[in-house]
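Asker: Sharing a model that was predicted from the sequence below.
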Amino acid sequence: MTKSVAFASTHQTQPLFTSTCIDCVSDEHDFQLVVSTGPIARGSVLLIEHVVFGTHADISKALRTDTALAQALHPRTPEMMLKPAEANGGDARATKEVSEAEFMNAKIDSNAFCGPDGSMRLGPSVTRFNHSCDPNAIVRYVYEETVYKHRQGYRKDGFAVVYACKDVSPGEEICYQYNPYAHDMFSCACPMSMSQRQQMQDKNAQVVGPPIFEANRSFLESAISKYLDDKEGTCAHCGNQVQRICTGCETVSYCNAVCQKGDWQRHKAICKRKAFGV
């Protein structure tokens, strides 16, 4: 028995586009997967998602300040929340603090993707695709650096783009290939060696190469540009039209002082870090 689960939007992440031919479903154990609801042609864009990216500390801070993002990620290791107090000398408060930190780290380790430069990328929608060593999809990351319209400086945003690398039939699960670390972490039972998995990854990278990128360039640029314009022009707290910006960090906008005050509990950690260049 499965049920449909919406692709999640949070304070710091948002699906810009989801194909009408895909659906996220949850099984009786609350494990989530993505399936096709109609025929999908090779090279089709299945998902565009604004993701958080940076160091492990950046991702950890994002989860602490964006509770919707943390809750959207499958826990995978809920027993970590049940660590006995004896492990901390009987201090129940220390047990709670340690177990929460470990639980957040488990969410990062289970869901974030590490890039060639060591940076991590995390989005609640792109993580719902399961792994396959012979996948029918592939994920690419796009980074956009733009000049702020209402303030000084630049902003860099990351986006995950999932493409079909094969024709997909209705009802088929859609998977892409995780990196070698994640492959071993999730105990893939396939008989492929490391070199065979790398060959498959290289092959799929060639299938979704420059011709596919060029064919979708206009669509991607339009979706990303619209998202960035809307993000800068709307209040970070309520979504209304912007009237003011946070002068401490100049990275978020608000419609009035009430919304700015209301968002402070979430925003203060990010604001102080930006303001002091940490």
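Answerer: Cool, the structure landed. Numbering: from 1, shown residues only.

Asker: Any idea what the residue nearest to residue 172 when sequence neighbours are not counted is bridged to?
Answerer: Take residue 172 and drop its neighbours on the chain: the residue closest to it by C-beta to C-beta, 6 or more residues apart in numbering is residue 36, 5.1 Å away. No exception for glycine: its C-beta is placed from N, CA and C like everyone else's. Beta bridges link residue 36 to residue 22 when assigned by DSSP bridges.

Asker: Give the full set of residues in contact with residue 36.
Answerer: Neighbouring residues of residue 36 by C-beta atoms under 8 Å, 6 or more residues apart in numbering: 21, 22, 23, 168, 169, 170, 171, 172, 173, 174.

Asker: Next, give phi and psi for the fifth one.
Answerer: By that I understand residue 169. Dihedral pair for residue 169: phi -90, psi 150, per degrees, to the nearest 10.

Asker: Could you measure from it over to residue 145?
Answerer: Relative to residue 145, residue 169 is positioned 39 Å away (criterion: C-beta to C-beta, to the nearest Å).

Asker: and the two? which has more neighbours close in?
Answerer: More neighbours surround residue 169 than the other of residue 169 and residue 145, with 11 against 8 (other C-beta atoms under 10 Å).

Asker: Touching, the more buried one and residue 39? I think so.
Answerer: Yes - taking C-beta atoms under 8 Å as the contact criterion, residue 169 and residue 39 are neighbours in contact, 6.5 Å apart.

Asker: So for the chain, the centremost residue is which one?
Answerer: What sits nearest the mean C-alpha location of the chain, by C-alpha atoms, centre = their mean, is residue 123, with 0.8 Å.

Asker: Select only the buried ones of the contacts of residue 36 in PyMOL?
Answerer: Isolation of the buried members of those (16 or more other C-beta atoms under 10 Å) is achieved in PyMOL through the command below:
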select buried, resi 21+22+23+168+173+174
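
Asker: Greatest separation within the contacts of residue 36: which pair is it?
Answerer: 23 and 169 (14.2 Å; C-beta to C-beta).

Asker: Out of the contacts of residue 36, flag the one nearest to residue 115.
Answerer: Lowest distance from residue 115 to the contacts of residue 36 (C-beta to C-beta) belongs to residue 174, with 21.9 Å.

Asker: Give me the phi and psi for that closest one.
Answerer: Main-chain torsions, residue 174, degrees, to the nearest 10: phi -100, psi 120.

Asker: which element is the nearest residue to it once chain neighbours are set aside on?
Answerer: In this structure, residue 174 finds its nearest non-sequential neighbour in residue 34, 4.7 Å apart by C-beta to C-beta, 6+ apart. With elements delineated by DSSP states H and E, residue 34 resides in strand 32-36, which encompasses its position.

Asker: Note down every partner strand of the helix or strand just after that strand and its orientation.
Answerer: Remark: after strand 32-36, the chain's next helix or strand is strand 45-54, criterion DSSP H and E. Taking DSSP bridges as the criterion, strand 45-54 pairs within the sheet with strand 14-18 (antiparallel), strand 120-122 (antiparallel), strand 154-164 (antiparallel).

Asker: Indicate which one of these is closest to residue 247.
Answerer: Closest among those, once you apply C-beta to C-beta, is strand 154-164, at 16.4 Å.

Asker: before we move on, what SS does the closest residue to residue 156 other than its chain neighbours have?
Answerer: With sequence-adjacent residues excluded and distances taken as C-beta to C-beta, 6+ apart, residue 156 is closest to residue 145, at 4.7 Å. Under DSSP: H, G, I helix; E, B strand; the rest coil, the three-state class of residue 145 is strand.

Asker: where do the strands sit along the stretch 1-150 of the chain?
Answerer: With DSSP state E, counting those that start in this stretch as the definition, the stretch 1-150 of the chain shows strands at residue ranges 3-4, 14-18, 22-26, 32-36, 45-54, 113-114, 120-122, 130-131, 137-147.
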